[in-house]
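Enquirer: Here is the input, now give the coordinates:
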Amino acid sequence: MTENQPAGDGETDLSNECKELLSLPKERGWISLHQHQYQGFWCPTEIFQGIIAFQKHFQARDSDIVVASVPKSGTTWLKALIFAIVNRQRFEIKIHPLLTSNSHNLVPFLEVDLYRNNLVPDFSSKFPEPRLFATHIPFPSLGTIKESNCKIVYVCRNPFDSFVSLWHFCNKVRPQSLAPLSLDEAFDMYCQGMDVYGPFWDHMLGYWKESFKRPNNVLFLKYEDMKKDGVNHLKTLAKFLDCPFTEEEERNGVIEDIAKLCSFETMKKLEINKTGTFVLNMESKNLFRKAEVGDWVNYLTPMMEQRMSKVIEEKLGSSGLTFKGTPELADHVQQN
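Expert: All right, here's what the predicted structure looks like:
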């Protein structure tokens, strides 16, 4: 969906199966007219059919690699890093696919790119092993992925920054015929758990808990930590994906080369990310704003800060999941 698309609720092209389910709770959407509550989370109407088709048809393989995330928490970056790590023997840095393709087009979303039109693609012929996919779907709704031994890499972000990034992004991609979401309205929706694929706390906790149950299958990453120490996180990623960097690769600067190739600065400057499109024909340039930690302080009032802190403490406080850059939260939340 681009800014020039006509407004709509996305329901006209849905299958009969999906239309029967649209009696589920409905609220104003972030990127479209409506979003629907399904299996405990909120999803835009346009994506609803893809989620159902994915759950019905997708057969996970133990060799699959799945990038999972809350929207606007570093998904574009993580896709690029994983694609570069897994394919580092296939492509030279100077002529790398990431220089001519957005990472979202190289690592497709299951529910949006592959199943949104209720199609059942021939995965075996289209995708080489290991197959690289992505999703924003919460862990409990992952279908056969939950039961497989595939690798899931999850990234989340300080909810303060994640909210501000989501608000900016959604207003850029909403059709012109729909009024923009005000900061106050979007913030209220976010704190009530009506964010895209949210509540954000349930989304995070699903993967957080699973990473402790199955550490060999689910790797839980934090955007802020990755920003602070990118090289060590690349090593962690490669080891988790069963393709660790060799000593020779480390000596030859392969890790640093990948970090630079996938950096925000590099990706934002690429022509493909200035003029190209990705899922739902959204413009790639809207993916790259600031990528800063702590930018939320320029947007949220003291009252908003207090409310968000209270939500985070109430919903995440007993889990041990904390975030750098959240005001005072780390002072009174203890690790289990």
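
Enquirer: From here on, just use CA atoms for contacts and neighbour counts.
Expert: OK.

Enquirer: in stretch 55-62, what counts as buried?
Expert: Within stretch 55-62, the residues that count as buried by 16 or more other CA atoms under 10 Å are 55, 58, 60, 61.

Enquirer: tell me the two of the residues you listed that are most distant?
Expert: Greatest spacing in the buried residues of stretch 55-62, by CA to CA: 55 and 61 (14.3 Å).

Enquirer: ok, now which ones touch the residue sitting nearest the centre point of the chain?
Expert: Geometric centre of the chain, nearest residue: residue 69, 3.5 Å, by CA atoms, centre = their mean. Residues near residue 69 by CA atoms under 8 Å, 6 or more residues apart in numbering: 75, 135, 136, 137, 154, 155, 156.

Enquirer: try 6 Å
Expert: Counting by CA atoms under 6 Å, 6 or more residues apart in numbering, residue 69 makes contact with 136, 154, 155, 156.

Enquirer: which SSE is the second one in?
Expert: Okay, so that is residue 154. strand 151-156 (DSSP states H and E).

Enquirer: Note down every partner strand of that strand and its orientation.
Expert: strand 65-69 (parallel), strand 218-222 (parallel) (DSSP bridges).

Enquirer: low pLDDT regions in the stretch 1-150 of the chain?
Expert: 1-24, 117-125 (pLDDT under 70).

Enquirer: Comparing the strands paired with strand 151-156, which comes out most buried?
Expert: strand 65-69 (a mean of 26; mean count of other CA atoms under 10 Å).

Enquirer: Can you name the secondary structure element that comes next after that one?
Expert: With DSSP H and E, the next secondary element past strand 65-69 is helix 75-86.

Enquirer: That next one packs against which elements?
Expert: Packed against helix 75-86 by the contact rule (3 or more CA pairs under 6 Å, 6 or more residues apart in numbering; DSSP states H and E) you find no helix or strand.

Enquirer: next one: it to chain centre, how far?
Expert: On the basis of CA atoms, centre = their mean, to the nearest Å, helix 75-86 sits 12 Å off its chain's mean C-alpha point.

Enquirer: Tell me the buried residues in it?
Expert: 75, 76, 77, 78, 79, 80, 81, 82, 83, 84, 85, 86.

Enquirer: From residue 327, how far out is residue 205?
Expert: 20 Å (CA to CA, to the nearest Å).

Enquirer: again with residue 190
Expert: Computed with CA to CA, the distance linking residue 190 and residue 327 is 18 Å.

Enquirer: what do you get for residue 34?
Expert: Applying CA to CA to residue 34 and residue 327 gives a distance of 32 Å.

Enquirer: Of the two, which one has the most company?
Expert: Neighbour count, other CA atoms under 10 Å: between residue 34 and residue 327, residue 34 has more, with 19 against 13.

Enquirer: Just grab the bridge partners of that one for me.
Expert: Judged by DSSP bridges, the bridge partners of residue 34 are residue 28.

Enquirer: Show me how far stretch 84-100 is from its chain's centre.
Expert: 22 Å.
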